[in-house]
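> Starting from these lines, generate the structure:
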Amino acid sequence: MEKLILENNQKNYSSELKECMHYFNHEKENCFGIQMNQETADCIDFSPLLQHTLNNLGDPFLGKGTHLDTFKYERKLVRLMSNYLHLDSSSDAWGYYTSGSSISNLQAMYIAKNKLGDNTILITSEDAHNSITKAANITGIKEIILLKTNQKGEIDLHDFYNKLSQNKNKRITFFFTSGTVSKGAYDDVFQLVEIIKSFHIEDYYIHLDAALGGLITPFLKDKKYHYLDFSIPEINSITVSFHKRLGIPIPGSIFLLNKSKYDPYKNAKYVEDYSSFDITIPGSRDGFSPLVSYLKLIKVGHDEMVKRTNDVIKKATWFKSLLSLKGIEAYHNECSPCVYFEAPDQNLMKKYHLPLYKKNGVNFTHIFTMEHVKKDHLAALISKM
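Numbering: from 1, shown residues only. This is a model prediction of the structure:
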């Protein structure tokens, strides 16, 4: 086995860095298939912060801050996003910043199990993010029920009713989605909650995975999906990602909890290491990204977020019509930046970083028309199909 030894080699360091930058700059314009906004150049403003190790240890509301932290801005971000998602930030909002919505979903599962006990079951969509079933396995939830989806990727209401009728006497954790990974679909949470209420279920927890939709629905001119938030009072918690729509250089997410429905400190332990009660999954957390996310949000502003949101949706509508003119069957969920269609050949899939989905005997892929995805590059892709 070759023995690797750390060496002070400035030449190799510089060449590796140059090679990475060349690759990233080249591939950025072809990165079509991931829920991520690559327009992050303005984040260079935050580079002076990299001179400091910013570590948010434990709870941002109770942490004493005996180190370099950004708790102040993390709390501001929790309150800002709570306001946008119709949760009273002065009394009912609790949450914190994570490295991505997979961790935020795990936090929700952890709290749900604490609330409902070891015998809770999970009911979620077959199109839900894989982190949800992973979180159930990590927390030891023994029964997972997957719901069928319709052609648009939304939870099938009839299947939900039938499966809930068979499990109505159990303690249930529900995970619904605002902006699915594969089709950008929005579950009809209002109708799903009405079905839950019709069975008079008492012990349940509802989490909304709005990793994508959480920074779309508040800025839509079309009001149809504005209710996908805490304005549905039965929702306990919500996850929102910032790298998907805002455009930040490091993946990040916020977990928000309505603490009027569950006390987050009920099972918290006091941690002497960082002088805080803590129920956060990571404990030690990145303090750079919540500051960047908060500052970029207020820099971009509400009106510009409305413009950007509606621009990427218009671009998706345009791209879908272009595919149709080419004779390619394509689909686009209303108010979503996702267009999904039959998978092209493998070379194009690789060139444009497109994922492959297989369902009901059909291979399909998708494109998210984020800010960095330009119309002329989309047209170039279609010309090769």
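
> how about the helices of the protein, start to end?
Taking DSSP state H, the helices of the chain run over residues 10-28, 71-84, 101-116, 130-138, 157-165, 189-198, 288-325, 346-351, 375-383.

> what sits against the closest residue to K76 other than its chain neighbours?
Leaving aside its chain neighbours, K76 sits nearest to Y294 (5.6 Å; criterion: CB to CB, 6 or more residues apart in numbering). For glycine as for every other residue, the C-beta is placed from the backbone atoms N, C-alpha and C. The contact partners of Y294, taken as CB atoms under 8 Å, 6 or more residues apart in numbering, are 73-74, 76-77, 80.

> Repeat the analysis, applying 10 Å as the threshold.
Taking CB atoms under 10 Å, 6 or more residues apart in numbering, we find Y294 in contact with 70, 72-81, 97, 242, 254.

> ok, now S289?
Contacts of S289 (CB under 10 Å, 6+ apart): 46, 54, 56, 70, 74, 77, 97-99, 242-243, 248-253.

> Could you count how many residues lie near K64?
The tally of other residues near K64 (other CB atoms under 10 Å) stands at 12.

> ok, it touching D278?
No. Applying CB atoms under 10 Å, one finds K64 not in contact with D278, separated by 11.6 Å.

> Tell me where the stretch 151-300 of the chain has strands.
Secondary structure of the stretch 151-300 of the chain (DSSP state E, counting those that start in this stretch): strands located at 172-177, 204-209, 237-241, 253-258, 269-271, 276-278, 284-286.

> Assess the claim that K326 and P344 are in contact.
No. Taking contacts as CB under 10 Å, K326 lies outside contact range of P344: 11.1 Å.

> so what sits against both of the two?
In contact with both K326 and P344: 382, 385, using CB under 10 Å, 6+ apart.

> The two: which is more packed in?
Neighbour totals were compared for K326 and P344, and P344 leads with 18 against 12 (other CB under 10 Å).

> Could you report the separation of the more buried one from F32?
In this structure, P344 and F32 are 11 Å apart, going by CB to CB, to the nearest Å.

> again, but for S321
If you go by CB to CB, the gap between S321 and F32 works out to 17 Å.

> neighbour-wise, which of those two wins?
More crowded of S321 and F32, by other CB under 10 Å: F32, with 22 against 13.

> I'd assumed I132 was in contact with T180.
No. T180 is not in contact with I132 according to CB under 10 Å; the separation is 11.2 Å.

> Report the set of residues contacting both of the two.
125, 209.

> for the chain, which spans come out with low pLDDT?
Within the chain, the stretches with pLDDT under 70 are 1, 65-66.

> mind redoing it with 90?
For the chain, the stretches with pLDDT under 90 are 1-14, 29, 58, 62-67, 221-227, 265-278, 283, 359-362.

> quick one, what contacts N258?
Residues near N258 by CB under 10 Å, 6+ apart: 82, 87-88, 92-95, 230, 233-238, 264.

> what about it, distance to S231?
Distance from N258 to S231, counting by CB to CB: 11 Å.

> residues bridging contact with those two, i.e. touching both?
Counting by CB under 10 Å, 6+ apart, the residues touching both N258 and S231 are L87.

> from the chain's centre, how far out does stretch 103-118 sit?
Mean C-alpha position of stretch 103-118 versus that of the full chain (CA atoms, centre = their mean, to the nearest Å) differs by 17 Å.

> which parts of stretch 349-364 are buried?
For stretch 349-364, a neighbour-count test (16 or more other CB atoms under 10 Å) marks 349, 352, 354, 357, 364 as buried.

> Compute the first-to-last residue distance for it.
Stretch 349-364 has an end-to-end distance of 11 Å (CA to CA, to the nearest Å).

> Repeat that for stretch 360-376.
Stretch 360-376 has its terminal residues 33 Å apart, counting by CA to CA.

> isn't I34 right next to H353, touching?
Yes. Look at I34 against H353 with CB under 10 Å: they come within range, at 6.5 Å.

> what's the farthest-apart pair in the contacts of Y294?
K72 and F242 (17.7 Å; CB to CB).

> So which of the two has more stuff around it?
Between K72 and F242, counting by other CB under 10 Å, F242 is the more crowded of the two (29 against 13).
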